[in-house]
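In: next one to model:
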Amino acid sequence: MQTFSPKAVIGCLQQIIGRQHVLSDDQSTRQYRQGRRFGEGKVFAVVIPGTLLEQWQVLQAAIDADCIVIMQAANTGLTGGSTPYGDDYDRPVLVMSTRRLKGIQVIHEGQQVICLPGATLDNLEQILKGYDREPHSVIGSSCIGASVLGGVCNNSGGALVRRGPAYTELALYAQVNAQGQLELVNHLGVNLGATPEEILTRLEQQQYQATDILDDAEKQASDQRYVQDVTQVDADSPARFNADPSRLFEASGSAGKICVFAVRLDTYEKVESNVFYIGSNDADDLTAIRRYLLTSLPSLPIAGEYIHRDAYHIGEKYGKDTFLFIEKFGTANVPKAFALKDKVDGFLEKFKIKGLTDHLLQAVTSLLPSHLPKRMTEYRDRYEHHLMLRVENNCKAQTEQFLQDYFAVHASGNFFLCDADEGRKAFLHRFAVAGAAIRYRDTHRDEVEDIVALDIALRRNDREWVEQLPVEMEQQIIHKLYYGHFFCHVFHQDYILKKGNDPLAMEHQMWQLLDARRAEYPAEHNVGHLYIAKPALANFYQKLDPNNCFNVGIGQTSKLKYWGKAKS
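Out: Just a heads-up that it's a prediction; the model follows:
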């Protein structure tokens, strides 16, 4: 199509996937064109294909019509990486939601899986229980319906110390080559045929035999070296971060610059574990514990999650409904609750009513009794720094002995061994903290300008991990929320700004401080439209998408076709 006609293109799309799966009005597209925490823009349509072949056909129609295509899975990201941003695109924007494409295929007796675009971490976790195995991530994003492919495409990290960023070298994807032609690339390691129609249909219907699955020792389905990287506690560089060139490969780290149809991933054996809860008023205590446990145990710790006391307080009050909802209804129902809330908010905003659902939820949960264990509450009052530590059974005795010996001579902290209920609630509370800043903002609009949210990777040998801000920056902040994956030295830092302060200016000041500390950012949420893609990452995007057709403007790169420069 030489001249773009929205009506003609929408008609073509409706013929492919049906009228009900092509959305074009503002109300129906709302949840697809705005990010969970950041980013919003205009689209001419949202399409929701129901098969891989439909996805391919929609993609062909969009490229033929010279549209920008934004691939979107669960839209749970925090940096606006799967939504449009602004209205300064040079071509019409189409969002392709893959949420209907939920297929998960277990291969090699559960040791590997092939996941289609809409497969969620939560669903994968449930399927793998029958094999006594786990996916790459089992806390955090999995609780709000994050997709498996979204994790791979963004090199997402997660809470599990041994697993590193989500990564694979085995994927099936489409890209637009330098000549402007759409092509399907099968690097999945499965013989599926020759044509796109045959490959996609056979894959989705699982019409292949065990003999069609190829195992190439040179092609990895997970990050094989991270387990060594994280133990190098004296290394003067971060363990993991999004722009690490050594972890950018085709689909892995692609951030929507190609259209991914499937990825093949390793799974992990489940292990029995114990949880220790550690509190301290001296950050050096946690540094000493981290260094010992990463270098001296029979097996690496499974997880080590940090919460500062201020984040604990905010999470306890403003993440309470999230905590209780998961307790009552389970993680599988959280995405439905988010979608329902979004629809209600969208309806109310038509009448200029904003934030009503947040105020109601906050009012109801404030009347309910405390949801956290008594020993955790006591530690909240006594200690500034909190560390939740999960270790394998074979490490329990050594870990407990070390902590006893350490705190016998360091009166600044203490620990306790959690029972099953305490351990579960401790890690669930850590997850609830992650969304608490948003609830605080949305219930304090009169005093809050916005949130500046950073995820950073500190150097592995950095002992000064507690941030010290200049006085003039502190004066602009109501609350600072520090939490993160302590053993990986990956921290999430949310700053709730006072009314009248410029979030963008504050963010740029923060970047300067992080550069001075030689930290890398973002660490695991990827650049989205929030961060600037560093040269290695920007070059990777341009190589994948030479004509700039997919997820245009990501990492604050060019929004123009052929990566042109905007006129000043």
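In: so residue 546 sits against residue 181, correct?
Out: No: with contacts counted by Cβ atoms under 8 Å, residue 546 stays clear of residue 181, the gap being 11.1 Å. All C-beta atoms are positioned from the backbone trio N, CA, C, and that covers glycine.
In: the more surrounded of those two?
Out: Ranked by neighbour count (other Cβ atoms under 10 Å), residue 546 and residue 181 place residue 546 first, with 17 against 10.
In: count of neighbours near the closest residue to that one other than its chain neighbours?
Out: Among residues not flanking residue 546 along the chain, residue 178 sits closest, at 4.6 Å (Cβ to Cβ, 6 or more residues apart in numbering). Using other Cβ under 10 Å, residue 178 has 8 other residues around it.
In: in which helix or strand would I find residue 178?
Out: In the assignment (DSSP states H and E), residue 178 maps to no helix and no strand.
In: and it, how far from residue 255?
Out: From residue 178 across to residue 255, the span is 20 Å (Cβ to Cβ, to the nearest Å).
In: low pLDDT regions in this structure?
Out: Filtered on pLDDT under 70, the chain yields the residue ranges 1-2, 139-144, 331-335, 338-339, 566-568.
In: helices along the stretch 451-568 of the chain, start to end?
Out: Secondary structure of the stretch 451-568 of the chain (DSSP state H, counting those that start in this stretch): helices at 471-474, 503-516, 535-544.
In: output these in JSON lines, with distance to residue 288 and mean neighbour count appended to each entry.
Out: Formatted as JSON lines, the helices of the stretch 451-568 of the chain follow (distance: least, Cβ to Cβ, whole Å; neighbours: other Cβ atoms under 10 Å):
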{"stretch": "helix 471-474", "distance to residue 288": "28", "mean neighbour count": "10"}
{"stretch": "helix 503-516", "distance to residue 288": "24", "mean neighbour count": "14"}
{"stretch": "helix 535-544", "distance to residue 288": "34", "mean neighbour count": "17"}
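In: would you confirm that residue 249 contacts residue 173?
Out: No: in this structure residue 249 lies outside contact range of residue 173 using Cβ under 8 Å: 11.5 Å.
In: the more surrounded of the two?
Out: Neighbour count, other Cβ under 10 Å: between residue 249 and residue 173, residue 173 has more, with 23 against 19.
In: distance of the more buried one from residue 205?
Out: Look at residue 173 and residue 205: by Cβ to Cβ, they are 19 Å apart.
In: now do residue 216
Out: For residue 216 relative to residue 205 (Cβ to Cβ), the value is 24 Å.
In: distance from the chain centre to the helix ranked longest in the chain, please.
Out: In the chain, with assignment by DSSP state H, the single longest helix is helix 420-442. Relative to its chain's centre, helix 420-442 lies at 16 Å (Cα atoms, centre = their mean, to the nearest Å).
In: what are the buried residues along it?
Out: Within helix 420-442, the residues scored as buried using 16 or more other Cβ atoms under 10 Å are 422-423, 425-442.
In: what do you get for stretch 368-385?
Out: Here stretch 368-385 shows 371-373, 376, 379-380, 383-385 as buried, counting by 16+ other Cβ under 10 Å.
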